[in-house]
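[1] show me the folded form of this:
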Amino acid sequence: MTSITAYSDGSCNIKTREGGVGILLLIDNQEKHISIGYSNTTISRMEMRGVLFSIKEFPINETGSLTIYSDSQFVVNSFNKGWLKTWIMQDFVDRKNSDIWKEIVSELKLRHNMKFSIIHTRGHQKDLTNEINYGNAVADILASYKNFKTFIKDF
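    Next up, the predicted model:
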């Protein structure tokens, strides 16, 4: 039974459109980092990619749980307020970033034995003795577009 906790964050410079995804993963108490830079992107796409990459870390056909902490209220609300279900029923017509949303849905279907939850956390908190604040701070550092020398073109 697999247990993953992911702290996910995204960044983007609105002038240069360079961004990054950063994730701190705790996989059965082992730590793993993901940090990828993108060009021609947006902050929403980076936040969504953080969730997507976290889901992809969960093994297909395994049972267990994935809990994602994100400071993106939009992304968290998309799941928790049922917006994503509505977009699926509408076949993502006129939905921005439908390519990533569709991939997220596809990856979740592949992991039908996984218990999935996503929780909003406020970003940039000072008390790093709090595990969630610490995880978010690490993800924020990993996501910073300023740290990348190379970028993958997003779209």
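[2] alpha carbons only for contacts and neighbour counts from here, please
    OK.
[3] ok, residue 129 to residue 137 distance?
    Distance of residue 129 to residue 137, computed by C-alpha to C-alpha, to the nearest Å: 11 Å.
[4] contacts for the lowest-mean-pLDDT helix or strand in the chain?
    Lowest by mean pLDDT, DSSP states H and E among the helices and strands of the chain is helix 131-143, with a mean of 94. Identification of contacts with helix 131-143 by C-alpha atoms under 8 Å, 6 or more residues apart in numbering yields 7-11, 19-24, 33-37, 69-71, 121-128.
[5] ChimeraX command for the buried members of those residues?
    Only the buried entries of these go into this ChimeraX selection, using 16 or more other C-alpha atoms under 10 Å:
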select :7,8,9,10,11,19,20,21,22,23,24,34,35,36,37,69,70,71,121,123
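[6] name the helices or strands packed onto the helix or strand just after the least confident helix or strand of the chain?
    Using DSSP states H and E, the helix or strand that directly follows helix 131-143 along the chain is strand 152-153. The helices and strands touching strand 152-153, judged by 3 or more C-alpha pairs under 8 Å, 6 or more residues apart in numbering; DSSP states H and E, are strand 30-39.
[7] ok, the strand it packs on: who's next to it in the sheet?
    Strand 30-39 has its sheet partners listed here by DSSP bridges as strand 19-27 (antiparallel), strand 152-153 (parallel).
[8] distance to residue 143 and mean pLDDT added to these, as TSV?
    Output for the strands paired with strand 30-39, formatted as TSV (distance: least, C-alpha to C-alpha, whole Å; pLDDT from 0 to 100):
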stretch	distance to residue 143	mean pLDDT
strand 19-27	4	97
strand 152-153	14	97
